[in-house]
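Visitor: can you look at this prediction? I've put the sequence above it.
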Amino acid sequence: MQSQHYEDQQQKQRQLDNITNSCYRMEVYRRKTSFAVVLLVPLFVFCCCDVRSRSSSTCCLVSAFSAGGFGSGKSQQTPKSKKNGSRKRKRTGLSDLPSNTKMVIPSTKTPSSHTSDGGQPKLDKWGLPVATLDDIFPPLPPGTELIPIDPSKDSYSLSEIQRCLSDHISIDLSRFFDENANGKIPNQDGSTMKIRLLHQSPPVLAVENFLTEAECQEIQSQSTSTRAHQVDSATFRGSLSTRTSTSWFCHYSDVPVLLAKAHYLLDIPLETMEEPQIVRYGRGQEFSWHYDEVPSSQLDNGGQRLATLLVYLTSVPENKGGGTTFRDLRRHENNHSSSASTELVMQPQQGSALLFFPAFADGRPDDRTLHKSHVMDGTDPKWIVQMWVHQYPYNPVLPAGNSHEAARTVMEEMSRKLGYS
Ligand SMILES: O=C(O)CCC(=O)C(=O)O
Ligand SMILES: [Fe+2]
């Protein structure tokens, strides 16, 4: 399975390389078309207006056309695309973003042209091919393993869930959950956690009642603390990725309950946890398609992100947007008479956690986890807190002075209070 994925990655790279070639061919095609239009339109007008000289003019123009037009080497050797091609790219504002969220922006290679309606290529106002979502987030190669959950099963046992995690970060779920996938230790408000499988391969898990209502409110209130570092996400105009929410980077020690629960659930060293981030999406705000993996240029801090733990601090009704959506993953309708399937969406439910894996255990990105936060439609904002787990110890960047060590004691105290140790 892993070697299959590695081949898929290589194929993706080849697809990206092909973009350059197909784009060049597209540009040649465009040039030829413009050339033909430039020649044929005056020819048509000329012929209509001056019937007496039509035959000789046609001969003259046709011979000029065949000398430098379709099929001639000349237009291919001197593509006039140079001028447009070297046009300055619009600033994307990437530097305004938190450095640890990978935003995929259009390749510096010229994107391939794509046909829209009726096979016509989509061109911009300069007649250049327009990048499409498929250029930036290529479809998964045919044959990629995608296994949704079985719609005929009411639930998965803990052993079945555990088996789905075999290629990813090693987590021992039996510390926290019994064989029926129920939490072993009740929450402070008496509620019980429950872990559910949302997708088998790649594995996507939900933990109901991960945080209590009071714990959600306590974490959300950290956004008003002067200790949190606020980042207003830039809107990416001229790019296909858009993040318009607001984030707050927190000191580990300010969110001990998140730390204690994440640490106990995932059984990973505190040092591999990235700074906890609180995010708020107001009406109309979103985070469009992206991968959570760290760009290769930034792997020197903790290596790749192996797990994304995202906890919803507020609920958002189904018809109000805000769902976390996976492009390539499906959820079959739980209806035996129908084989309909829809995109896998996790609708925010206060206190529930979503757990998925942007990379395999050895750090190779798992592109099957391309996802987005749907545009918010409701007036009540969506709030989340999230944390990524790295391969190796991670050095926190924000807020200044943030440190794992400073949080260790409060985390251990909280673990005792919650009954985990
Ligand atoms: O808010 C969500 O539902 C998804 C957020 C996300 O994917 C991210 O911040 O990386
Ligand atoms: Fe994400």
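Guide: Noted; the coordinates are in hand. Ligands and ions are numbered 1, 2, ... in the order given.
Visitor: quick one: contacts for E208?
Guide: The contact partners of E208, taken as C-beta atoms under 8 Å, 6 or more residues apart in numbering, are M193, K194, I195, R196, Q349, G351, S352. C-beta coordinates here come from the backbone N, C-alpha and C atoms, glycine included.
Visitor: tell me which stretches of this structure form helices.
Guide: 2-49, 54-68, 73-77, 81-85, 133-136, 158-164, 213-220, 256-266, 405-417 (DSSP state H).
Visitor: what ranges do the strands span in the stretch 151-300 of the chain?
Guide: Assigned by DSSP state E, counting those that start in this stretch, the strands in the stretch 151-300 of the chain fall at 194-201, 204-208, 229-232, 246-249, 277-281, 287-290.
Visitor: which one of the ones you listed lies closest to P139?
Guide: The closest of the strands of the stretch 151-300 of the chain to P139 is strand 287-290. By C-beta to C-beta, the value is 12.0 Å.
Visitor: just the mean pLDDT for that closest one, thanks.
Guide: Averaging pLDDT along strand 287-290 yields 93.
Visitor: next one: stretch 210-220
Guide: On average, stretch 210-220 scores 98.
Visitor: let's see that stretch as CSV, backbone CA atoms only.
Guide: Extracted C-alpha coordinates of stretch 210-220, given in CSV (Å, rounded to 0.1, in the frame of the first residue of the first chain):
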residue,chain,number,x,y,z
PHE,A,210,-13.7,14.9,23.5
LEU,A,211,-14.2,18.2,25.3
THR,A,212,-17.1,19.2,27.6
GLU,A,213,-19.0,22.4,27.0
ALA,A,214,-17.1,24.1,29.8
GLU,A,215,-13.8,23.0,28.5
CYS,A,216,-14.7,24.3,25.0
GLN,A,217,-15.6,27.7,26.5
GLU,A,218,-12.5,27.9,28.6
ILE,A,219,-10.3,27.2,25.5
GLN,A,220,-12.3,29.7,23.3
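Visitor: spell out which residues make up each domain of this protein.
Guide: 2-136, 147-417 (automatic domain parsing).
Visitor: mean pLDDT lowest for which of those?
Guide: domain 2-136 (a mean of 41).
Visitor: still on that earlier bit, which of the contacts of E208 are close to ligand 1?
Guide: Near ligand 1, judged by C-beta under 6 Å from any ligand atom, there are no entries from the contacts of E208.
Visitor: buried subset of these, written for ChimeraX?
Guide: Listed next is the ChimeraX selection for buried residues among these, using 16 or more other C-beta atoms under 10 Å:
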select :193,194,195,351,352
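Visitor: how about JSON lines for the contacts of E208, with distance to H251 added?
Guide: Shown next, in JSON lines, are those (distance: C-beta to C-beta, whole Å):
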{"residue": "M193", "distance to H251": "26"}
{"residue": "K194", "distance to H251": "30"}
{"residue": "I195", "distance to H251": "28"}
{"residue": "R196", "distance to H251": "31"}
{"residue": "Q349", "distance to H251": "27"}
{"residue": "G351", "distance to H251": "22"}
{"residue": "S352", "distance to H251": "24"}
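Visitor: may I have the beta-bridge partners of Y312?
Guide: Beta-bridge partners for Y312, by DSSP bridges, are I384.
Visitor: my read: R283 touches K382, true?
Guide: No. Counting by C-beta atoms under 8 Å, R283 stays clear of K382, with 9.8 Å between them.
Visitor: overlap in contacts, those two.
Guide: M376.
Visitor: what residues does the protein have near ligand 1?
Guide: Residues of the chain lying near ligand 1 (C-beta under 6 Å from any ligand atom): T101, F287, D292, L310, T324, H371, S373, I384, Q386.
Visitor: rerun at 8 Å
Guide: 101, 243, 245, 247, 277, 279, 281, 287, 290, 292, 308, 310, 312, 322-324, 346, 348, 354, 371-374, 382, 384, 386 (C-beta under 8 Å from any ligand atom).
Visitor: mind checking how far the closest residue to F176 other than its chain neighbours is from ligand 1?
Guide: Among residues not flanking F176 along the chain, L265 sits closest, at 5.3 Å (C-beta to C-beta, 6 or more residues apart in numbering). L265 sits 19 Å away from ligand 1, going by C-beta to the nearest ligand atom, to the nearest Å.
Visitor: how many other residues sit next to the closest residue to T272 other than its chain neighbours?
Guide: Spatial nearest neighbour of T272, excluding adjacent residues (C-beta to C-beta, 6+ apart): H390 at 4.7 Å. Applying other C-beta atoms under 10 Å, we find 25 residues neighbouring H390.
Visitor: I'd say H390 and D300 touch.
Guide: No. Between H390 and D300 there is no contact under C-beta under 8 Å: 11.3 Å.
Visitor: who touches both of these two?
Guide: Counting by C-beta under 8 Å, 6+ apart, nothing touches both H390 and D300.
Visitor: who's in contact with D254?
Guide: Applying C-beta under 8 Å, 6+ apart, the residues contacting D254 are Q222, S225, R227, A228.
Visitor: check Y156 too.
Guide: Contacts of Y156 (C-beta under 8 Å, 6+ apart): I149, A181, R196, L197.
Visitor: so it versus S201, what's the distance?
Guide: Separation of Y156 from S201 (C-beta to C-beta, to the nearest Å) stands at 13 Å.
Visitor: repeat that for P142.
Guide: On the measure of C-beta to C-beta, P142 and S201 end up 16 Å apart.
Visitor: between those two, which has more neighbouring residues?
Guide: S201 (18 against 7).
Visitor: surely that one touches I149?
Guide: No. The criterion here is C-beta under 8 Å, and S201 misses it with I149 at 10.2 Å.
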